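[1] Coordinates only, no sequence provided:
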């Protein structure tokens, strides 16, 4: 199976990349091989929050994300679709948050894969999970 050329990165992927971890280097490799990379406004906010709490420069994190991906802001319809994802999948993935749902809905809308290591995406066919 060939990896998709469109990726929606969640906050997990960006945090790993920004910290320079081994998984972050794999994320970077996938970004470089992708045709298009996207980040939701929710993931951007989560990464900035994590970065600031760790005492790292959040401005630099924002610049890395902005320069390497297109930022996606949800529409009203996107919000409705995202809100339905946890309800529809509650029995299968009870830990899927609303932020995760926006990431997943964005990927589905774009015909992309979610790039993540977040175990909440385990078993989600639209996700490329790093372990």
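    Looks like it came in fine. Note that the structure is a prediction, hence the values are computed from the model and not measured.

[2] Flag every buried residue along the lowest-mean-pLDDT helix or strand in the chain.
    None of the helices or strands of the chain scores lower by mean pLDDT, DSSP states H and E than helix 76-89, at a mean of 83. Neighbour counts over helix 76-89 (16 or more other Cβ atoms under 10 Å) mark 78, 81-82, 85-86 as buried. In this view, the C-beta of every residue, glycine as well, is placed from N, C-alpha and C.

[3] just these now: which is nearest residue 99?
    Of all the buried residues of helix 76-89, residue 99 sits closest to residue 82, with 9.0 Å by Cβ to Cβ.

[4] Can you name the residues that contact that closest one?
    74, 98, 101-102, 104-105 (Cβ atoms under 8 Å, 6 or more residues apart in numbering).

[5] just the strands in the chain please.
    For the chain, the strands defined by DSSP state E occupy 6-9, 36-40, 70-72, 113-116, 127-129.

[6] tell me the angle of the second one relative to helix 76-89?
    Read that as strand 36-40. 80 degrees (axes from the mean of the first three to the mean of the last three Cα atoms, to 10 degrees).

[7] And strand 36-40, what does it pack against?
    strand 6-9, strand 70-72, helix 98-110 (3 or more Cβ pairs under 8 Å, 6 or more residues apart in numbering; DSSP states H and E).

[8] Comparing the ones you listed, which stretch has the densest surroundings?
    Greatest average neighbour count among the helices and strands packed on strand 36-40 goes to strand 6-9 (a mean of 26), per mean count of other Cβ atoms under 10 Å.

[9] outside of that strand, which residues touch it?
    So strand 6-9 is contacted by 27, 30-31, 34-40, 43, 69, 72, 103, 106-107, 110-116, 128 (Cβ under 8 Å, 6+ apart).

[10] cool, and stretch 119-131?
    With Cβ under 8 Å, 6+ apart, stretch 119-131 has contacts from 3-4, 7, 10, 13, 16, 23, 26-27, 30, 92-93, 95-97, 100, 104, 107-108, 112-118.

[11] ok so, going back, any chance of the strands of the chain in CSV, plus mean pLDDT?
    Listed next are those as CSV, based on pLDDT from 0 to 100:
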stretch, mean pLDDT
strand 6-9, 98
strand 36-40, 98
strand 70-72, 97
strand 113-116, 96
strand 127-129, 92
